[in-house]
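Visitor: sequence and predicted model, in that order:
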Amino acid sequence: MKLRSWFLLPTWLAMALLFAAPLAIVLAYSLLTRGVYGGVEHPWTGESYQRLIDPLYLVILLRSFIMALVATALCLMFAFPAALFISRTPRHKNLYLQLVMLPFWTSFLVRTYAWLFLLRDTGLINTALQALGIIHEPLQMLYTSGAVLLGLVYGYLPFMVLPIYAILERLDPSLMEAAADLGARPVRTVFSVIIPLSKPGIIAGCVLVFIPCLGAYLTPDLLGGGRTVLVGNLVQNQFTTARDWPFGSAVSILLMLLVTALVWVFLRRQSEQLA
Amino acid sequence: MTPVLEVRNLVKDFPGQRAVDGISLAIPQGSFFSLLGPSGCGKTTTLRLIAGFEECTEGDILLKGERVNERKPYERNVSTVFQNYALFPHLTARGNIEFGLKRNGATNISRRVDDALKLVNLTEKASRKPAQLSGGERQRVALARSLVLEPDVLLLDEPLAALDPKLRKQMRIELKAMQRRVGITFLLVTHDQEEALSMSDQLAVMNQGRIEQVGSPEEVYLRPQTRFVAGFLGAVNWIGDVGIRPEATKIVEHAEDGRPRTVVARVIESVFLGDRVQVLVKLANGEQAVAQVNRGSTTFQPGQSVQICWDAADEMKLP
């Protein structure tokens, strides 16, 4: 074996132990029979996959897709101007970048709980609005789809900002000058030059946000209160309350296949465009 | 006639540094004008002030007699050919050339783009992206992209610097020919004195944010007003108070008796350059001088005692 290959050994080991093996276990579980107290038993069966065709689950899947899609779109809407600003600002660039990454310094769970305290009926926002006399009854903000969306956008926004920033940072400033020189106003320059050229960053950001949003379970669980069931919660339920590990595994496998197919088609179209 | 571009007492301060220090210029319509100077002399900053990429600290910029200081780059009818061309990598050659026309809502866009492509001889490569074009072709796209807008002044920032030396010399001729053909005023920034001399109708030699001299190529080369100009435009032998170009410096074994403008010297080295021979000599006062002689004339050996002489007409008297 060449020396170079030896250096890759830790990576291969990690991939096998932490990625391939768990995946194989999930796949095997999805094809086994449900145990009475959880877990799995023989014999092998494809029954879990047959049950997936139920419209009930398709609705959950569709809802998750739409939720992830909207969250991704909102992230892009907020992240692009921020990334553009940070990449163009002459001073304090690192400070702004630190601010974008600041939320990572605390646990995601803790930050999601913080939203709970802000949004609930006796939370900061409702109390403040009532004290100011703007409303008399507390607004129902927590345990709504809106709260889930808010939580997702909040949680994954940095994953959109950073890849876009990385591209914008490397963009030759003379291209923006050339656009202005040729008569393009700033807004025109953004749409005709900056956005087309930052496409790789936008795509990377969208993939990085869309995929975790699709499988999210913590945010819909805490901020949606179980009312907005997404596919992530469905999987979680199968492994906990429902004690149906094979079905939970089958849902996971289906979700993974869908995401892989989607990303694959997306990236292939992208590389065709670049060629 | 009003000059197409005029700058008056232009000053540009950057933090801790004055890049442009009171420049005044008047550039006649349809001329080829160059700003020549070493790097850091403020020539590119001057160009960027005219384009509107930078705001001047003091002074005025007038386009066709109208003050344009407050106008944004997209509101000024000037166009820039950037040193790195700054072509849009996601657009084809045609897309790049169309860009400006689409922005200002022009009519007949496709015909005008066709004409521009023909002008720079790139009709066959219109659908290629910049990455698929050679350096020279990219430069021509950059030119066409600006020329198609028929700007009052075309600003060129070291447009030939990124080309290889052979192509660079050829492009000098093409650029000059193109300027004559389209009749648009060209303002070129360069640090290459041969480039400025060969293409310009007039040039301004800049040093440390100031203009040292403005004139035709002959004037600045043959009658420089400062030592800096004399030295920047070519080699000079300083003999006492006067400067003599190497090609005007004659070298003989024995000058006729009593000939004025003659000094004794000793040959240090003689260098064969193919089309000519350069002889390096040491003068009696210890200074060195270079003389260019024709190949095949007398050969000079190191250590040989010679005499250096010149004509009064070739003297550059400078303070």
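Guide: The structure has been received and is ready for your questions. Numbers count the residues shown, from 1 in each chain, chains lettered A, B, ... in the order given.
Visitor: for residue B:20, what are its contacts?
Guide: With contact taken as CB atoms under 8 Å, 6 or more residues apart in numbering or on different chains, residue B:20 is in contact with B:10, B:11, B:12, B:42, B:45, B:46, B:49, B:56, B:209. Using the backbone N, CA and C atoms, a C-beta is placed for each residue, glycine as well.
Visitor: change it to 6 Å
Guide: Going by CB atoms under 6 Å, 6 or more residues apart in numbering or on different chains, residue B:20 touches B:10, B:11, B:12, B:42, B:45, B:46, B:209.
Visitor: in a helix, it, correct?
Guide: No - read with DSSP: H, G, I helix; E, B strand; the rest coil, residue B:20 is strand and lies in no helix.
Visitor: gap between it and residue B:210?
Guide: Here the distance between residue B:20 and residue B:210 works out to 9 Å (CB to CB, to the nearest Å).
Visitor: in chain A, which helix or strand is least confident?
Guide: In chain A, no helix or strand scores lower on mean pLDDT, DSSP states H and E than strand A:40-41, which sits at a mean of 81.
Visitor: restricted to strands, list the contacts of residue B:20.
Guide: Taking DSSP state E, the ones among those that sit in strands are B:10, B:11, B:12.
Visitor: which one among the residues you listed gets closest to residue A:122?
Guide: Within the ones in strands among the contacts of residue B:20, distances to residue A:122 taken as CB to CB reach their minimum at residue B:12, with 60.0 Å.
Visitor: quick check: which ranges of chain A have low pLDDT?
Guide: Across chain A, the ranges flagged by pLDDT under 70 are A:1, A:273-275.
Visitor: which bits of it sit near chain B?
Guide: Remark: the part of chain A in contact with chain B comprises A:174, A:175, A:177, A:178, A:180, A:181, A:182, A:183, A:184, A:185, A:196, A:197, using CB under 6 Å from any CB of the partner chain.
Visitor: who wins on neighbours among the residues you listed?
Guide: Going through these with other CB atoms under 10 Å in any protein chain shown as the criterion, the one with the most neighbours is residue A:182, at 31 neighbours.
Visitor: where in chain B is pLDDT low?
Guide: The model of chain B has pLDDT under 70 over residues B:297, B:319.
Visitor: give me the most central residue, it.
Guide: The geometric centre of chain B, computed from its C-alpha atoms, lies nearest to residue B:196 (CA atoms, centre = their mean), at 2.8 Å.
Visitor: ok but it is inside a helix, no?
Guide: Yes - counting by three-state DSSP, residue B:196 is part of a helix.
Visitor: list the buried ones in stretch B:220-235?
Guide: Neighbour counts using 16 or more other CB atoms under 10 Å in any protein chain shown place B:220, B:221, B:222, B:224, B:225, B:228, B:229, B:230, B:232, B:233, B:235 of stretch B:220-235 among the buried residues.
Visitor: about what we covered before: relative to the whole chain's centre, how far out is the least confident helix or strand of chain A?
Guide: Averaging C-alpha coordinates over strand A:40-41 and over its chain gives two centres that are 32 Å apart (CA atoms, centre = their mean, to the nearest Å).
Visitor: what's the answer for stretch B:144-159, then?
Guide: 16 Å.
Visitor: can I get it in PDB? Just the C-alpha atoms.
Guide: Extracted in PDB, the C-alpha atoms of stretch B:144-159 (Å, rounded to 0.1, in the frame of the first residue of the first chain):
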ATOM      1  CA  ALA B 144     -15.600  45.700 -27.400                       C
ATOM      2  CA  ARG B 145     -17.700  45.700 -24.200                       C
ATOM      3  CA  SER B 146     -16.700  49.300 -23.600                       C
ATOM      4  CA  LEU B 147     -16.500  50.600 -27.100                       C
ATOM      5  CA  VAL B 148     -20.000  49.400 -28.000                       C
ATOM      6  CA  LEU B 149     -21.300  52.000 -25.500                       C
ATOM      7  CA  GLU B 150     -19.600  54.800 -27.400                       C
ATOM      8  CA  PRO B 151     -18.300  56.500 -24.300                       C
ATOM      9  CA  ASP B 152     -17.000  60.100 -24.300                       C
ATOM     10  CA  VAL B 153     -13.700  58.700 -23.000                       C
ATOM     11  CA  LEU B 154     -12.400  55.200 -22.900                       C
ATOM     12  CA  LEU B 155     -10.200  54.600 -19.900                       C
ATOM     13  CA  LEU B 156      -7.600  51.900 -20.200                       C
ATOM     14  CA  ASP B 157      -5.800  50.700 -17.100                       C
ATOM     15  CA  GLU B 158      -2.500  49.000 -18.200                       C
ATOM     16  CA  PRO B 159      -4.500  47.100 -20.800                       C
END
